[in-house]
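Visitor: Take this sequence and fold it.
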Amino acid sequence: MAEVDNFLDELAVQMPLSTSERERIRALWPEAERAADECERHMPTIGWLSFRKRYRAFMDICQRLDRLQTDGSIDDEQAQLALTLLRRRSRSYRKAENMFAARARGYSLGQRQQLPLTAQQLIKAMQFPLQGSPDQNEE
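Guide: Numbers count the residues shown, from 1 in each chain. Reported below is the predicted structural model:
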C-alpha cells in the first residue's frame, strides 16, 4: 500500500483531493496495478528512436487494457489509472505514450474512432481539439 500512498501524496500536490476521492482511488488501485503489471510484462520493445515501434507498443498496451475491460477484470477508470502507473514507472512506456500523443494531436474524429477505447479516453483527457473543428480554426 506504500505505492498508493506515495501516488496519492504526489497527486495531492498537483490538485486537492477530498477524502472520498482518495478512497475511490484506493479502491481502484489493486486491479489497476495488476493491469499495469501485465501490460509492463508484455510491452513490446520500443526500439531506438523508432516511431513505428513506440506507436505499436502504445497501441498494444491500449488493446490489452481494452481486453481486460471486455472480460470484466477492470473498468475504464482502472484502465486510465493503469496508464498513469505505467507513466510513473516505465521510461519505455512514457516514450511510447509521448510518440502517440504527438501524432494524436492531428487526428480527425474518424481516426480517433478507429483507436482502442483506452487510447480514445486518453485523448479526451488530454483535451486535444479535433482537426478541422471550429475550435481549431479560431486559433
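
Visitor: what about the residue nearest in space to the middle of the chain, distance to Tyr93?
Guide: Closest to where the C-alpha atoms of the chain average out (C-alpha atoms, centre = their mean) is Leu83, at 3.6 Å. Distance from Leu83 to Tyr93, counting by C-beta to C-beta, to the nearest Å: 8 Å. Quick note: C-beta positions are derived from backbone N, CA and C, even for glycine.

Visitor: same deal with Arg103?
Guide: From Arg103 across to Tyr93, the span is 16 Å (C-beta to C-beta).

Visitor: These two: who's more crowded?
Guide: Applying other C-beta atoms under 10 Å to Arg103 and Tyr93 shows that Tyr93 carries more neighbours, namely 23 against 14.

Visitor: Run through the residues that contact Ala32.
Guide: Ile74, Gln78, Ala79, Leu81, Ala82, Leu85 (C-beta atoms under 8 Å, 6 or more residues apart in numbering).

Visitor: so it is in which element?
Guide: If you go by DSSP states H and E, Ala32 is part of helix 19-42.

Visitor: buried residues in that helix?
Guide: Under the neighbour-count criterion of 16 or more other C-beta atoms under 10 Å, helix 19-42 has Ile25, Leu28, Trp29, Glu31, Ala32, Glu33, Ala35, Ala36, Glu38, Cys39, Glu40 buried.

Visitor: Any chance of those in a markdown table with distance to Leu17 and pLDDT as columns?
Guide: Conversion of those to a markdown table gives the following (distance: C-beta to C-beta, whole Å; pLDDT from 0 to 100):
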| residue | distance to Leu17 | pLDDT |
| --- | --- | --- |
| Ile25 | 8 | 93 |
| Leu28 | 13 | 94 |
| Trp29 | 14 | 94 |
| Glu31 | 20 | 97 |
| Ala32 | 16 | 97 |
| Glu33 | 18 | 96 |
| Ala35 | 22 | 97 |
| Ala36 | 20 | 96 |
| Glu38 | 27 | 96 |
| Cys39 | 25 | 96 |
| Glu40 | 26 | 94 |
